[in-house]
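S.K.: Fold the following.
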Amino acid sequence: MSAPTSQTAAPAFPWIGLLTLAGAIFASVTSEFLPTGLLPDMARDLDVSISRAGLLVTIFAGTVVVATTPLAALTRKYSRKTLVVVVLLIIALANVLAAIAPTYEILVGARILGGLAHGLFWAVVAAYSAHLVPKHQLGRAVAITSGGASAAFVLGVPVGTALGHALDWRAAFMIIAAVVLLLALAVVKFLPPVNHHVTLRTGEIPLPLYKDRSVTGVVLLCIVIVILVTGQNIFYTYIAPWLTDVARFPDTSVAFLLFLYGGAGAIGLVLAGFAADRFPKRGFVGAVGAVMLAVLVLALFSGNPVIVVSAFVVWGVAFGGIPAMLQTRMLHTASFRVRDLAAALQTTAFNVGIGGGALLGGLLLDGIGIGELPSVQIAFLAVALVLSVGVDAVRHARARKRA
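M.R.: Now for the predicted structure:
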């Protein structure tokens, strides 16, 4: 007779669920950034300036900023899986409306609808992986789901750009709408539901979320995200005209260069999955420093195509893992009871940076010229890096003092 064992097998790693989330993220991120590679085409067709076409990114992100936290609060009692499906359907509808928009103003309305859905999507999805895996596997899980964002830059945006150039920018939006619908069906079938509610012990009184001790750390991290992402998007939003007007690449090469950048970002994401759980602070500092160096090289050697392509790839590798590092750090910083709030605030912070960077970049483009955008990006990233290191140092000192 065999002796009974007290050990139970550890639950299997939820590959299918995480890959399904990655697919949904791929569709949503592609939809958000699709205009980036098509700004000149859209501007010509709608008879507006490139900087005004760039406002489509700002408007989308601004909608996310305004709507994410209120929508997350209003829907906090609803099933996370159901919300993912609903917002994907709305994103598909928004892309169809964008594809058939006869005027710039109607296209703006379509982008606002997409921004509403995208904000709620990220408020739900950013914390979803934390409900599927234990805390020590968060870095690995986030790296997998963030692979969807990487795939958007590797395949979604470059392929969408190529289709937009070969067919029409409207066809690119219609195709991504079809892809979103397919991935919504995949979510229905493969994404496991999760319980995101906090269970109170007998006699326990729920406290307001703002009294949670982790909220301060969440807010400080959001400030770092805003500054860093603003700097990134001051330049990256207008990378297509920079490549053609400053670096003198032909229009037909933009899609391929964006593909290189996205592929490099996928490599950076793999490295982030390795670093996020092992040495998150040093990995983050190294990645931001590498972005600053790569952008500086772009600015100094814009006339040399070999150096430009090499620096562009380094930029992609370095920045590719930064969002995953920040998301993992947020999930470690926030307590379980404020994870959904932290996810909403993180989404808001990212989109303040995306929209603010696009807006500020457009103003600088019209004011001091597109050639100065790399220098401004470097300055913003330096501030974010100093603030991040400073906050870590203060928290470490306080922890040692309490010990």
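S.K.: ok, now which ones touch the residue nearest to A53 when sequence neighbours are not counted?
M.R.: Spatially, and ignoring its direct neighbours in sequence, A53 is nearest to A43 (4.1 Å; CB to CB, 6 or more residues apart in numbering). In short, each C-beta sits where N, CA and C put it, glycine included. By CB atoms under 8 Å, 6 or more residues apart in numbering, the contact list for A43 reads 49-50, 52-53.
S.K.: Now name the helix or strand holding A43.
M.R.: helix 39-46 (DSSP states H and E).
S.K.: So which bits of that helix are buried?
M.R.: Within helix 39-46, the residues that count as buried by 16 or more other CB atoms under 10 Å are 39-43, 46.
S.K.: could the residues you listed go into TSV alongside distance to F33 and pLDDT?
M.R.: Listed next are the buried residues of helix 39-46 as TSV, based on distance: CB to CB, whole Å; pLDDT from 0 to 100:
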residue	distance to F33	pLDDT
L39	11	81
P40	15	81
D41	15	84
M42	13	86
A43	16	86
L46	18	86
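S.K.: which of those residues lies closest to Q346?
M.R.: Proximity of these to Q346 (CB to CB) peaks at L39, which lies at 26.8 Å.
S.K.: Tell me the spacing between the residue nearest to that closest one when sequence neighbours are not counted and T36.
M.R.: Spatial nearest neighbour of L39, excluding adjacent residues (CB to CB, 6+ apart): A53 at 4.8 Å. As for A53, its distance to T36 is 10 Å (criterion: CB to CB, to the nearest Å).
S.K.: show me the contacts for T69.
M.R.: By CB under 8 Å, 6+ apart, the contact set of T69 is 123, 341, 344-345, 348.
S.K.: Please apply the same query to A264.
M.R.: Residues near A264 by CB under 8 Å, 6+ apart: 312-317, 320.
S.K.: These: which two are farthest apart?
M.R.: Farthest-apart pair in those is F312 and G320; separation 12.3 Å (CB to CB).
S.K.: of these two, who's got more company?
M.R.: Neighbours of F312 and G320, each counted by other CB atoms under 10 Å, are more numerous for G320; the result is 28 against 21.
S.K.: residues in contact with the more buried one?
M.R.: Contacts for G320 (CB under 8 Å, 6+ apart) come out as 150, 153, 264-269, 272.
S.K.: Show me which residues of stretch 80-93 are buried.
M.R.: For stretch 80-93, a neighbour-count test (16+ other CB under 10 Å) marks 80-81, 83-88, 90-93 as buried.
S.K.: same check, this time on stretch 374-387
M.R.: Buried residues in stretch 374-387, counted by 16+ other CB under 10 Å: 374, 376-378, 380-381, 384-385, 387.
S.K.: Make JSON lines out of those and add secondary structure and distance to L258.
M.R.: Putting the buried residues of stretch 374-387 into JSON lines (DSSP: H, G, I helix; E, B strand; the rest coil; distance: CB to CB, whole Å) gives the following:
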{"residue": "P374", "secondary structure": "helix", "distance to L258": "17"}
{"residue": "V376", "secondary structure": "helix", "distance to L258": "21"}
{"residue": "Q377", "secondary structure": "helix", "distance to L258": "17"}
{"residue": "I378", "secondary structure": "helix", "distance to L258": "21"}
{"residue": "F380", "secondary structure": "helix", "distance to L258": "22"}
{"residue": "L381", "secondary structure": "helix", "distance to L258": "21"}
{"residue": "A384", "secondary structure": "helix", "distance to L258": "24"}
{"residue": "L385", "secondary structure": "helix", "distance to L258": "26"}
{"residue": "L387", "secondary structure": "helix", "distance to L258": "30"}
